[in-house]
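Visitor: I would like the atomic coordinates for the input below:
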Amino acid sequence: MADLTAVAATNLDKALASEAGKSAAVVARDGMLRQTVIALREGTRLGAHNSPPAASLQVLVGKVRVEIGESQQGVFSAGEIWVLTHERHSVLALEDAVFLLTTVTSTGEGSHS
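Guide: As a prediction, the model looks like this:
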């Protein structure tokens, strides 16, 4: 069992110290289910990527914006959870941020792009 508060703090410290401004740790894995804590320093972006068959983002610390090309899916703050788009998207940290990314990695349908 992972202590999300501790994992979030550790990864935020790593992201702040990292030249890339990010850090991640898988905290749960069960068949097709993956949960990953991702920390981003303010202004750091996870580049555009394809969406898995199903995913949610729960912000633990700070604020992030999910972007689809030049538009945005939304801005999410600590305590909020959101089902992610099935379109290719990126994530930008508007503040130092940590979020729990929950994904279903396979359903036989392939990823969305």
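Visitor: Give me the buried positions along stretch 73-83.
Guide: Within stretch 73-83, the residues that qualify as buried are 73, 76, 78, 82, counting by 16 or more other C-beta atoms under 10 Å. To be clear about C-beta, it is placed using only N, CA and C from the backbone, and glycine gets the same treatment.
Visitor: average pLDDT for that stretch?
Guide: Averaged across stretch 73-83, pLDDT comes to 92.
Visitor: Endpoint to endpoint, stretch 90-98 covers what distance?
Guide: End-to-end distance of stretch 90-98 (C-alpha to C-alpha, to the nearest Å): 15 Å.
Visitor: Assumed residue 14 was part of a helix.
Guide: Yes: counting by DSSP: H, G, I helix; E, B strand; the rest coil, residue 14 is part of a helix.
Visitor: now residue 64, nearest residue through space, not along the chain?
Guide: Spatially, and ignoring its direct neighbours in sequence, residue 64 is nearest to residue 97 (5.0 Å; C-beta to C-beta, 6 or more residues apart in numbering).
Visitor: who are the neighbours in contact with that neighbour?
Guide: When contacts are counted by C-beta atoms under 8 Å, 6 or more residues apart in numbering, residue 97 touches 39-40, 42, 59, 61-64.
Visitor: Pull up the gap between the spatially most central residue of the chain and residue 14, please.
Guide: The centroid of the chain falls nearest to residue 101 when counting by C-alpha atoms, centre = their mean (4.5 Å). For residue 101, the distance to residue 14 (C-beta to C-beta, to the nearest Å) stands at 16 Å.
Visitor: hang on, the earlier thing: and the contacts of residue 97 as CSV, adding pLDDT, distance to residue 4 and neighbour count?
Guide: Listed next are the contacts of residue 97 as CSV, based on pLDDT from 0 to 100; distance: C-beta to C-beta, whole Å; neighbours: other C-beta atoms under 10 Å:
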residue, pLDDT, distance to residue 4, neighbour count
39, 98, 12, 29
40, 98, 16, 30
42, 98, 21, 15
59, 97, 12, 20
61, 97, 10, 20
62, 98, 14, 21
63, 98, 18, 18
64, 97, 16, 28
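Visitor: Fine by me, we can end here.
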